[in-house]
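**Student:** Model the following, please.
(chains A and B)
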Amino acid sequence: MNPTIYLEVVVQGVLTGLVYGLMALGLSVIFGVVRVVNFAHGEFTVAAMYAAFLLFTLFGVDPLIATVPIAIVFFGVGYGLQLALVNRFVGRAEHEQFILLVGLAIIIVNGTLLIFGADARPVRLSYGFDSFLVGPVIVDKVRLYAAAAALTVAAALFLFFRFKPTGTAIRACADNLVGAAVVGLNVRKLYALTFGLGLACVGAAGALMETIADAKPELGPVYTLIAFIIVIVGGLGSMTGALVGGVLIGISEALAGFVLAPSMKSMLSFALLILVLVLRPQGIMGRRT
Amino acid sequence: MIGSLNPRARVLLLVLLAALIAAPLVADRYLISVLILIFYFAYVGQAWNLMMGFAGQLSLGHALYVGLGGYVSALLWLKFGVGPWLGVFAAVAVAAAFGAVIGWLGFRFGIEGVYFALLTIAFAEFTRIAFDHIDYAGAAGGLFLRVDESGEWWNLRGGTLLFYYLALALAAGALVLTAFLARTRLGYQWLAVREDEEAARALGINAFRAKMMAVLISSAMTAVGGVFTAFYNNNLFPSRVFDINRSIEIILAPVVGGLGTVFGPVVGAFILTPLGEALTALTGLFGINTPGVKGAFYGLALMVIIVLKPSGIWPWLARTLRLTEHRP
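**Tutor:** All right, here's what the predicted structure looks like:
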């Protein structure tokens, strides 16, 4: 068989993986700072996919452009959610946080099912089937655009955390909560900001995902699990780890879907999750906490 | 815990049991089917509660044991003519073996809390996709048992009444077993490990053994529930039985009723299942076919309970109605 086809599959996996990575970045940021595991992560992603679908169908807005307003709205949702609900659960038993967010996840899945029905909701872009020829390799245009946009958002987040005073303050909360409170940081507000940023990643990733996959309610739990697999492979709380993990999972899914069967592609991811949990719980890039 | 009930509550419990035994005399088919669901969720909820509520190990993959139990017993019946009364032992053995592997991996390699929950999900999802591709077990197309109400009751081939009393017996049996286990040395070890594993170890408790026992008992009990559903529904689909939503359904009743209490799963099942059914009936009455309503309600129930009454309804109910001698 032609070896370039494998190269194409790998490239496709890398590009999809970068969007996965952006989604997982949100989970990683929230966990790294607030220490709450957002079990409704994939469900929020699917909600963002539906938002992109609505904006496209009603107003003809390209999901690539819709990424910005959706990310802003999701930031607001995350900010409010943290202040109103999640904040009371910070520091409470792990299973209580978990159940709170599982409940939220179930509401989002069934809410989208109520509003949009069980059918897949695709976005038909005019350039949906275009592709670039890079050497011998064919690269999907939508996938390339989505991956580039995902990288841009991720880079913006890196820069924010690295150079902005607020970003530094959030990192201070993650590193030493007591110290952060002692020097007078408003931890409550910074947590809300972090949850907002995490969901902004999800909003952007969801909007981009809508260009390469069709929105469906039952995708929610699938994406939640993918996000978890990625951050655990990459190391919970590590930002570069989330992107690296995303690319790894993207490649492994694309290859498994191609070599075995599309329906078996997530089997490999779950096997990988079990292996990483057993062998290296802090992930590939993560540090031991 | 049954022992902690005061005499008035014990009488109440007996009256309730008698009423449930006599219910088929007056109740119609629909009500009986709802009661069967309640007993089923009380039963599997009790099994999950042993592991999470008592031993503190969060599993979100209990659908795995339901599915394995169902598939093993159904395959034995369909391919070899081995009846479920014998097949249930094989089902329990297979599910407990999986539980042992998950527990061993989890507890030996120090996978705790959320990570352990993810491990259980990963195993359940892996198995779901695997069963989608096992042709011997019908793959994604499912496995079907011939509907047969002729009355080979010893092979679980019978009408609704058979399953009604079987489900009632299972739920009641699980209640008694939990109440018994809670009073054994193992039960107290579970509580110690749940509250503070390091302290429990320091006291000389073999935490690994205690947690393994919890997983083994819980997975074995859940597998029996799987045998029940397989023969009650007469069909099995990997995408249905192993689905993560089934695992979440299992945890609803004990969480709402009260984690780590003997009566919590029963109370939770008696509250949630009828409410969910009523909601479906109500929206159906308004002519809207809305598959999401029940699910959204269950999600809301989880959130409301965990925000307002994280210890569940039963402890509050027992206090308000003064059902227990002291604190539940």
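**Student:** Next up, phi/psi of A:Phe132, please.
**Tutor:** phi -100, psi 150 (degrees, to the nearest 10).
**Student:** next one: A:Val61
**Tutor:** phi -80, psi 130.
**Student:** can you pull the contacts of the spatially closest residue to it that is not a sequence neighbour?
**Tutor:** Once flanking residues are discounted, A:Val61 sits nearest to A:Leu55: 4.2 Å by CB to CB, 6 or more residues apart in numbering or on different chains. From N, CA and C alone the C-beta is placed, and that goes for glycine too. Listed by CB atoms under 8 Å, 6 or more residues apart in numbering or on different chains, the contact set of A:Leu55 reads A:61, A:63, A:66, A:69-70.
**Student:** and of those, the nearest to chain B?
**Tutor:** Taking CB to the nearest CB as the measure, A:Ile70 is the one of these closest to chain B, at 22.2 Å.
**Student:** ok, the residue most central in space within chain B to A:Leu248 distance?
**Tutor:** For chain B, the residue nearest the mean C-alpha position is B:Val44 (1.0 Å; CA atoms, centre = their mean). Separation of B:Val44 from A:Leu248 (CB to CB, to the nearest Å): 36 Å.
**Student:** Ok, A:Phe132 next?
**Tutor:** A:Phe132 sits 24 Å away from A:Leu248, going by CB to CB.
**Student:** Pick out whichever of those two has more residues nearby.
**Tutor:** Higher neighbour count among A:Phe132 and A:Leu248: A:Leu248, with 22 against 10, using other CB atoms under 10 Å in any protein chain shown.
**Student:** Give the rounded mean pLDDT of the helix or strand harbouring that one.
**Tutor:** Per DSSP states H and E: A:Leu248 is located in helix A:239-259. What helix A:239-259 shows for mean pLDDT is 89.
**Student:** ditto for stretch B:291-299
**Tutor:** 84.
**Student:** So what touches it?
**Tutor:** Residues outside stretch B:291-299 that contact it (CB under 8 Å, 6+ apart): A:102-107, A:109-114, A:118, A:217, B:245, B:249, B:252, B:272, B:275-276, B:279-280, B:283.
**Student:** Could you rerun that using 7 Å?
**Tutor:** A:103-104, A:106-107, A:109-111, A:113-114, B:252, B:272, B:275-276, B:279-280, B:283 (CB atoms under 7 Å, 6 or more residues apart in numbering or on different chains).
**Student:** What subset of those residues is buried?
**Tutor:** Neighbour-count burial (16 or more other CB atoms under 10 Å in any protein chain shown) is assigned, among those, to A:103-104, A:106-107, A:109-111, A:113-114, B:252, B:272, B:276, B:279-280, B:283.
**Student:** Of those, which is the nearest to A:Thr16?
**Tutor:** A:Val109 (22.3 Å; CB to CB).
**Student:** can you give me the offset of the helix or strand the closest one falls within from its chain's centre?
**Tutor:** In the assignment (DSSP H and E), A:Val109 maps to helix A:94-116. Centre-to-centre, helix A:94-116 and its host chain are 17 Å apart (CA atoms, centre = their mean, to the nearest Å).
**Student:** Can you name the residues in contact with it?
**Tutor:** So helix A:94-116 is in contact with A:36-40, A:43-44, A:46-47, A:50, A:89, A:217, A:220, A:224, B:58, B:113-114, B:117, B:248, B:255, B:290-293, B:295-296, B:298-300, B:302-303, B:306, B:310, going by CB under 7 Å, 6+ apart.
**Student:** so where's the chain uncertain?
**Tutor:** In the absence of a named chain, this looks at chain A. Flagging of chain A using pLDDT under 70 yields the residue ranges A:1, A:281-289.
**Student:** You answered for a different chain; I wanted chain B.
**Tutor:** Residues of chain B meeting the criterion pLDDT under 70: B:1-3, B:149-151, B:287-290, B:325-328.
**Student:** Around chain A, which positions in it sit nearby?
**Tutor:** Contacts of chain B with chain A, taken as CB under 7 Å from any CB of the partner chain, map to B:58, B:105, B:109, B:111, B:113-115, B:117-119, B:121-122, B:125-126, B:129-130, B:132-133, B:244, B:248, B:255, B:290-293, B:295-296, B:298-300, B:302-303, B:306, B:310.
**Student:** Let me know the angle separating the helix or strand encompassing A:Ile72 from helix A:94-116.
**Tutor:** Using DSSP H and E, A:Ile72 sits in helix A:63-84. Counting by axes from the mean of the first three to the mean of the last three CA atoms, to 10 degrees, helix A:63-84 lies at 140 degrees to helix A:94-116.
**Student:** Please point out which parts of helix A:63-84 sit buried.
**Tutor:** A:63-64, A:66-67, A:70-71, A:74-75, A:77-79, A:81-83.
**Student:** can you list the residues that contact it?
**Tutor:** A:48, A:51-52, A:55-56, A:123, A:145, A:149, A:191-193, A:195-200, A:202-204, A:206-208, A:210-211.
**Student:** Could you tell me which of the residues you listed belong to strands?
**Tutor:** Among the contacts of helix A:63-84, no member falls in strands (criterion: DSSP state E).
**Student:** Just these: which are in helices?
**Tutor:** Judged by DSSP state H, the subset of these located in helices is A:48, A:51-52, A:55-56, A:145, A:149, A:191-193, A:195-200, A:202-204, A:206-208, A:210-211.
**Student:** quick one, helices of chain B?
**Tutor:** Under DSSP H, chain B gives helices at B:7-22, B:29-49, B:63-80, B:84-108, B:113-132, B:160-182, B:185-195, B:197-202, B:207-233, B:238-241, B:244-257, B:264-285, B:292-308, B:313-320.
**Student:** Just the C-alphas of the helix holding A:Ile72, formatted as PDB.
**Tutor:** Coordinates of each C-alpha in helix A:63-84 appear next as PDB, following Å, rounded to 0.1, in the frame of the first residue of the first chain:
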ATOM      1  CA  PRO A  63     -17.500  28.800  12.600                       C
ATOM      2  CA  LEU A  64     -13.900  30.100  12.400                       C
ATOM      3  CA  ILE A  65     -15.200  33.600  13.000                       C
ATOM      4  CA  ALA A  66     -17.900  32.500  15.500                       C
ATOM      5  CA  THR A  67     -15.000  31.100  17.600                       C
ATOM      6  CA  VAL A  68     -14.500  34.500  19.100                       C
ATOM      7  CA  PRO A  69     -18.000  35.400  20.300                       C
ATOM      8  CA  ILE A  70     -18.600  31.800  21.400                       C
ATOM      9  CA  ALA A  71     -15.400  31.800  23.500                       C
ATOM     10  CA  ILE A  72     -16.400  35.100  25.100                       C
ATOM     11  CA  VAL A  73     -19.900  33.800  26.000                       C
ATOM     12  CA  PHE A  74     -18.400  30.600  27.400                       C
ATOM     13  CA  PHE A  75     -16.000  32.700  29.400                       C
ATOM     14  CA  GLY A  76     -19.000  34.400  31.000                       C
ATOM     15  CA  VAL A  77     -20.800  31.100  31.600                       C
ATOM     16  CA  GLY A  78     -17.700  29.700  33.300                       C
ATOM     17  CA  TYR A  79     -17.100  32.800  35.400                       C
ATOM     18  CA  GLY A  80     -20.700  32.800  36.600                       C
ATOM     19  CA  LEU A  81     -20.800  29.000  37.200                       C
ATOM     20  CA  GLN A  82     -17.700  29.100  39.300                       C
ATOM     21  CA  LEU A  83     -18.900  32.100  41.400                       C
ATOM     22  CA  ALA A  84     -22.500  30.800  41.900                       C
END
